[in-house]
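**Student:** sequence unknown, structure follows:
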């Protein structure tokens, strides 16, 4: 029985650690030892040539707008090229991208769909920039975003820069970042301050071209792998919250679940290339990688183990109350599926729903990874604005 108690407490304790205790320790470490970046950094004497790259699959509804957004960026026109890689000829994405008449736009259209990693590899191969910037076809940079990222490259130890993604309502344009998203961004800032930022956000990040390594064609989470390779190269990965991109929120819980399941499969797959960063000799990078990522990826197993052992131990002192708390939490998650996420009780319930849904998606992603059923070719998410158009 003692062993069972240790398993129960250890499993649930690891969940509490990675979601509660780690953020508190991280915030304290960033406050005491972190490097603060200045609010206003001087621009470089000469802006470097930048290649802004996007891999697009069936993006005819957004690609023209994306290209126009890229052309409006506040960056020297003679120092910027825009490369659009079209993954297969399944719609008019390539034609629409080419219809924006500007010599800075280079469209690569591949006849067969091969997946994002292959498209990125081919786009980088022809890129002329010493700095590569990456985006998603549904993510739009603020005008000064590239300048905000590029200014950091005047420091030779910086290998990559990650910007901040804002999630906006497709109807009003208002920022709808939820509590969990803000929580994640706080972690990014703190991890960046201690030199241990974990991976990149595919919507807005940049990299020195000489650090690029071709991606394996089966790579699922390319942005995470590319960002973490900066640490493997011994360079710094910087988070700049002033470099901003925005995209619209997911149209449904189901769409978000599928996205997270795919990311879950990619997370476990990424260890194939990134496992050296888990070695304690990597210092803060290893600590954040274990605490923020690996333990979270294993949280579904910890939660299931903790709940199952807690049922067996329900008659033991203190364990009955612990089981009641778990049942209450899972009941709140179910209720959150039906109650609108307005301020107050509804929002709290939706937070429980998000937590449970995220861990369920990770479990599905783990199963897909074990079976090898998740490919590097992504399934495009239908966006809210498109659903609204279809319903008109």
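**Tutor:** In hand now; what should we look at? Note that the structure is a prediction, hence the values are computed from the model and not measured.

**Student:** just for the stretch 251-392 of the chain, where's the confidence low?
**Tutor:** Scanning the stretch 251-392 of the chain with the threshold set as pLDDT under 70 gives 251-253, 340-347, 373-392.

**Student:** strands along that one, start to end?
**Tutor:** Along the stretch 251-392 of the chain, counting by DSSP state E, counting those that start in this stretch, no stretch forms strands.

**Student:** which residues in it form helices?
**Tutor:** Applying DSSP state H, counting those that start in this stretch to the stretch 251-392 of the chain gives helices spanning 253-274, 284-288, 295-297, 299-312, 319-336, 345-371, 384-391.

**Student:** show me what the longest strand belonging to the chain is packed up against.
**Tutor:** If you go by DSSP state E, the chain has its longest strand at strand 236-248. Packing partners of strand 236-248 (3 or more C-beta pairs under 8 Å, 6 or more residues apart in numbering; DSSP states H and E): strand 140-141, helix 145-150, strand 158-168, helix 179-193, helix 222-232. For every residue, glycine as well, the C-beta is placed using N, CA and C.

**Student:** among the helices of the stretch 251-392 of the chain, which comes closest to residue 140?
**Tutor:** Closest to residue 140 of the helices of the stretch 251-392 of the chain is helix 384-391 (C-beta to C-beta; 12.7 Å).

**Student:** OK, contacts around residue 139?
**Tutor:** 66, 165, 202-204, 245-247 (C-beta atoms under 8 Å, 6 or more residues apart in numbering).

**Student:** any idea which of those is closest to residue 217?
**Tutor:** Among the contacts of residue 139, residue 202 lies closest to residue 217 (C-beta to C-beta), at 17.1 Å.

**Student:** picking that back up, okay, the angle between the longest strand of the chain and helix 222-232?
**Tutor:** With axes from the mean of the first three to the mean of the last three C-alpha atoms, to 10 degrees defining the directions, strand 236-248 sits at 170 degrees from helix 222-232.

**Student:** buried set for strand 236-248?
**Tutor:** Using 16 or more other C-beta atoms under 10 Å as the test for burial, strand 236-248 gives 236-240, 242-248.

**Student:** I'd like the distance from it to the chain centre, please.
**Tutor:** Averaging C-alpha positions (C-alpha atoms, centre = their mean, to the nearest Å) puts strand 236-248 11 Å from its chain's average.

**Student:** stretch 139-147 too?
**Tutor:** Distance of stretch 139-147 from the chain centroid (C-alpha atoms, centre = their mean) equals 17 Å.

**Student:** now the helices and strands packed on strand 236-248 as JSON lines including mean pLDDT, distance to residue 54 and mean neighbour count?
**Tutor:** JSON lines is the format used below for those (pLDDT from 0 to 100; distance: least, C-beta to C-beta, whole Å; neighbours: other C-beta atoms under 10 Å):
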{"stretch": "strand 140-141", "mean pLDDT": "98", "distance to residue 54": "11", "mean neighbour count": "24"}
{"stretch": "helix 145-150", "mean pLDDT": "97", "distance to residue 54": "13", "mean neighbour count": "24"}
{"stretch": "strand 158-168", "mean pLDDT": "92", "distance to residue 54": "15", "mean neighbour count": "23"}
{"stretch": "helix 179-193", "mean pLDDT": "89", "distance to residue 54": "22", "mean neighbour count": "17"}
{"stretch": "helix 222-232", "mean pLDDT": "97", "distance to residue 54": "12", "mean neighbour count": "23"}
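
**Student:** wait, residue 89 touches residue 107, no?
**Tutor:** No: proximity of residue 89 to residue 107 does not meet the contact threshold set by C-beta atoms under 8 Å, at 11.6 Å.

**Student:** neighbour count: these two, which is higher?
**Tutor:** Taking other C-beta atoms under 10 Å, residue 89 and residue 107 do not tie; residue 107 has more neighbours (20 against 14).

**Student:** now for whichever helix or strand residue 13 is part of, which elements pack on it?
**Tutor:** Applying DSSP states H and E as the criterion places residue 13 in helix 2-16. Packed against helix 2-16 by the contact rule (3+ C-beta pairs under 8 Å, 6+ apart) you find helix 299-312, helix 319-336.

**Student:** try it again with 10 Å
**Tutor:** Contacts defined by 3 or more C-beta pairs under 10 Å, 6 or more residues apart in numbering; DSSP states H and E place helix 2-16 against helix 295-297, helix 299-312, helix 319-336.

**Student:** residue 159: which of these is closest?
**Tutor:** Ranking those by proximity to residue 159 (C-beta to C-beta) places helix 295-297 first, at 24.7 Å.

**Student:** wait, doesn't residue 312 sit right on residue 8?
**Tutor:** Yes: counting by C-beta atoms under 10 Å, residue 312 does reach residue 8; the two are 8.3 Å apart.

**Student:** tell me which of these two has more neighbours.
**Tutor:** A count of neighbours by other C-beta under 10 Å puts residue 8 above the other of residue 312 and residue 8, at 23 against 15.

**Student:** so what's the more buried one closest to, chain neighbours aside?
**Tutor:** residue 309 (3.9 Å; C-beta to C-beta, 6 or more residues apart in numbering).

**Student:** what's the neighbour count on that neighbour?
**Tutor:** 22.

**Student:** give the residue farthest from the middle of this protein.
**Tutor:** Taking C-alpha atoms, centre = their mean, the residue of the chain most remote from its mean C-alpha position is residue 315, at 42.1 Å.
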